[in-house]
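Q: Provided below for reference: sequence and predicted model.
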Amino acid sequence: MAVVVQAPVLALTTGEPAGIGPELALQLAAGPGLPARVVAVGDPQLLAERAAMVDARVELVTLAPDEPVPAPKAGVLPVWPVALREPSLPGRLAVANSDYVLETLDLAVRACLAGDAAGMVTAPLHKGVILDAGHAGFSGHTEYLRDACGVDEVVMLLATDQALHASEASWQGGAALRVALATTHLPLKDVAGAITDARLARILRILQADLKRWFGVENPRIAVCGLNPHAGEGGHLGREEIEVIVPCLERLRGEGLCLDGPLPADTLFTPRHLAGVDAVLAMYHDQGLPVLKYAGFGRAANITLGLPLVRTSVDHGTALDLAGRGVADPGSLRVAIALAADMARRGAAASLS
Ligand SMILES: NC(=O)C1=CN([C@@H]2O[C@H](COP(=O)(O)OP(=O)(O)OC[C@H]3O[C@@H](n4cnc5c(N)ncnc54)[C@H](O)[C@@H]3O)[C@@H](O)[C@H]2O)C=CC1
Ligand SMILES: NCC(=O)COP(=O)(O)O
């Protein structure tokens, strides 16, 4: 007897209501080919208004989280409703709606942990307005989901579409890249102090385990950037490599991790050094992400490793300058949904084996 395997349910949080998240969700739902039963998490009235604004022909179907989610169909978008705190206009941030944005995340996390969704995909939120609303210490989805899931550490990994599957990560094609970060949303002045042996060891162990778990890379080879110019120039341009990074990598190699480095970041991101490497660990946000975005902006996804649930996201922010005009590129959201669907299927297969 043939077994019908349903497409996984993915909760798609629609992000900052004044940004491009709602319209990107609608644009994708208007067309064919979604590889998952995507449920938007957001305000149905907001979504209806944005659909009219950007001329996305989409029927919105409001569901309760425990109601069955229908198979993907072009022109239909199921919605798990969350109410805006005040009406939202494109490009106009409102502090009152920060709690709405966080409520969409909380709902998606609950759905994943309860088994109502197989994963979550997040459209961009605006970190500044959430801080302005008084959520002190908020620094992004990554850290919020770490705390919401009660884990000690997570890893931000961005990957271009060509690198999303082990079999396609050629490194020779120029645009295939996976970049993980040792620190995420920190002022630059605080980065050096955050590069500790304990943090690096946690990050590298998660990266190694999850490259295998989610990307099928059996024995990942990870290239690690130095922190300082020329990886410290033998201690003349900074001592973090000598005092922290080198000893940590040596210990982890003893545990069987396959690690290159620390290498000068400027030359690590060249084809010869990247050949055969499965992921790069950059020490901070703007050491690694400009390279990734140069290689694949609009075709890349952001993945949070180390969570007890699947979470992917886009490679861009709220683009307030484009919101409400229907001109923003939905390419990264498409990649993020495809990857989350793939990860959900991989997770389901692993739990059956
Ligand atoms: N996953 C998330 O929630 C992320 C949120 N952010 C947040 O977004 C806010 C704005 O950040 P910015 O640094 O200004 O970055 P941004 O990505 O919103 O905008 C940078 C530039 O890229 C353009 N752009 C962005 N997405 C685009 C798309 N889909 N199609 C075409 N052009 C696009 C924008 O118009 C702008 O010119 C900040 O609060 C930041 O923290 C940033 C990155 C990721
Ligand atoms: N530049 C990547 C970024 O800011 C993503 O942050 P997060 O909200 O996914 O943690």
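A: In hand now; what should we look at? Ligands and ions are numbered 1, 2, ... in the order given.
Q: Domain map for the protein?
A: Here the domain assignment for the chain is 1-151+311-353, 153-306, based on automatic domain parsing.
Q: The closest residue to Gln45 other than its chain neighbours: which element?
A: The shortest distance from Gln45 to any non-neighbouring residue, by CB to CB, 6 or more residues apart in numbering, is to Leu84 (7.3 Å). C-beta here means a position set from N, CA and C on the backbone, and glycine is covered the same way. Using DSSP states H and E, Leu84 sits in no helix or strand.
Q: List the contacts of whatever residue of the stretch 51-200 of the chain ends up closest to ligand 2.
A: Minimum separation of the stretch 51-200 of the chain from ligand 2 (CB to the nearest ligand atom) falls at Gly140, amounting to 2.9 Å. Taking CB atoms under 8 Å, 6 or more residues apart in numbering, we find Gly140 in contact with 127, 184-185.
Q: rewinding a little: from what I can see the residue nearest to Gln45 touches Glu49, true?
A: No - using CB atoms under 8 Å as the test, Leu84 is too far from Glu49 to be in contact (10.3 Å).
Q: which residue sits closest to Ser98, ignoring its sequence neighbours?
A: Nearest residue to Ser98 in three dimensions, chain neighbours excluded: Ala133, at 3.6 Å (CB to CB, 6+ apart).
Q: What's the local residue count around that neighbour?
A: Other residues near Ala133 come to 19 when the count uses other CB atoms under 10 Å.
Q: Now do the same contact list for it.
A: By CB under 8 Å, 6+ apart, Ala133 lies in contact with 95-96, 98-99.
Q: so which strand or helix has the residue in the stretch 151-300 of the chain that ligand 2 sits nearest to?
A: Scanning the stretch 151-300 of the chain for the residue nearest ligand 2 gives Leu289, at 5.6 Å (criterion: CB to the nearest ligand atom). Secondary structure assignment for Leu289, by DSSP H and E: helix 285-296.
Q: C-terminal to that helix, what's the next element?
A: Following helix 285-296 in sequence order, the next helix or strand is strand 300-305 (DSSP H and E).
Q: tell me which residues in that following strand are buried?
A: Using 16 or more other CB atoms under 10 Å as the test for burial, strand 300-305 gives 300-305.
Q: CA atoms only for it - export them in CSV, please.
A: Extracted C-alpha coordinates of strand 300-305, given in CSV (Å, rounded to 0.1, in the frame of the first residue of the first chain):
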residue,chain,number,x,y,z
ALA,A,300,21.2,32.6,1.1
ALA,A,301,19.5,31.5,4.3
ASN,A,302,20.3,32.0,8.0
ILE,A,303,20.1,28.9,10.2
THR,A,304,20.2,28.7,13.9
LEU,A,305,22.1,25.6,15.0
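Q: And the contacts of that strand?
A: Taking contacts as CB under 8 Å, 6+ apart, the residues outside strand 300-305 that touch it are 141-142, 145-146, 154-161, 164, 180, 206-207, 210, 214, 292-293, 311-315, 332, 335-336, 339, 343.
Q: which stretches of the stretch 101-250 of the chain have low pLDDT?
A: Scanning the stretch 101-250 of the chain for pLDDT under 70 picks out 161-175.
Q: Near ligand 1, which residues of it are found?
A: With CB under 6 Å from any ligand atom as the criterion, the stretch 101-250 of the chain meets ligand 1 at residues 122, 124-128, 141.
Q: so which of the residues you listed is the most crowded?
A: Highest neighbour count within these, by other CB under 10 Å: Thr122, with 30 neighbours.
Q: in the stretch 201-350 of the chain, what residue is nearest ligand 1?
A: For the stretch 201-350 of the chain, the residue closest to ligand 1 is Gly317, as judged by CB to the nearest ligand atom, at 2.3 Å.
Q: give the contact list for that residue.
A: Taking CB under 8 Å, 6+ apart, we find Gly317 in contact with 19, 124, 126.
Q: And for Cys258?
A: Neighbour list for Cys258: 219-222 [criterion: CB under 8 Å, 6+ apart].
Q: Could you export the residues you listed to JSON lines, including columns for distance to Thr270?
A: Shown next, in JSON lines, are the contacts of Cys258 (distance: CB to CB, whole Å):
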{"residue": "Asn219", "distance to Thr270": "23"}
{"residue": "Pro220", "distance to Thr270": "20"}
{"residue": "Arg221", "distance to Thr270": "16"}
{"residue": "Ile222", "distance to Thr270": "17"}
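Q: From those, pick out the ones that also neighbour ligand 2.
A: Okay, of the contacts of Cys258, nothing touches ligand 2 (CB under 6 Å from any ligand atom).
Q: Which residue ranges of the stretch 151-300 of the chain form helices?
A: Ranges of helices within the stretch 151-300 of the chain are 191-194, 197-215, 240, 246-254, 265-268, 271-274, 285-296, based on DSSP state H, counting those that start in this stretch.
Q: Please find the angle between the direction vectors of the second one and strand 300-305.
A: Just to be clear, that refers to helix 197-215. 120 degrees (axes from the mean of the first three to the mean of the last three CA atoms, to 10 degrees).
Q: From the contact counts, what lies against helix 197-215?
A: strand 155-160, strand 178-181, strand 221-225, helix 246-254, strand 279-282, strand 300-305, helix 331-352 (3 or more CB pairs under 8 Å, 6 or more residues apart in numbering; DSSP states H and E).
Q: Could you tell me the angle between it and helix 246-254?
A: 40 degrees.
Q: Any buried residues in helix 197-215, and which?
A: Residues 200-208, 210-211, 214-215 are the ones in helix 197-215 that count as buried (16+ other CB under 10 Å).
Q: Now distance to Pro44 too, for the residues you listed, in JSON lines please.
A: Formatted as JSON lines, those follow (distance: CB to CB, whole Å):
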{"residue": "Leu200", "distance to Pro44": "45"}
{"residue": "Ala201", "distance to Pro44": "46"}
{"residue": "Arg202", "distance to Pro44": "40"}
{"residue": "Ile203", "distance to Pro44": "39"}
{"residue": "Leu204", "distance to Pro44": "43"}
{"residue": "Arg205", "distance to Pro44": "42"}
{"residue": "Ile206", "distance to Pro44": "37"}
{"residue": "Leu207", "distance to Pro44": "39"}
{"residue": "Gln208", "distance to Pro44": "42"}
{"residue": "Asp210", "distance to Pro44": "35"}
{"residue": "Leu211", "distance to Pro44": "38"}
{"residue": "Trp214", "distance to Pro44": "32"}
{"residue": "Phe215", "distance to Pro44": "35"}
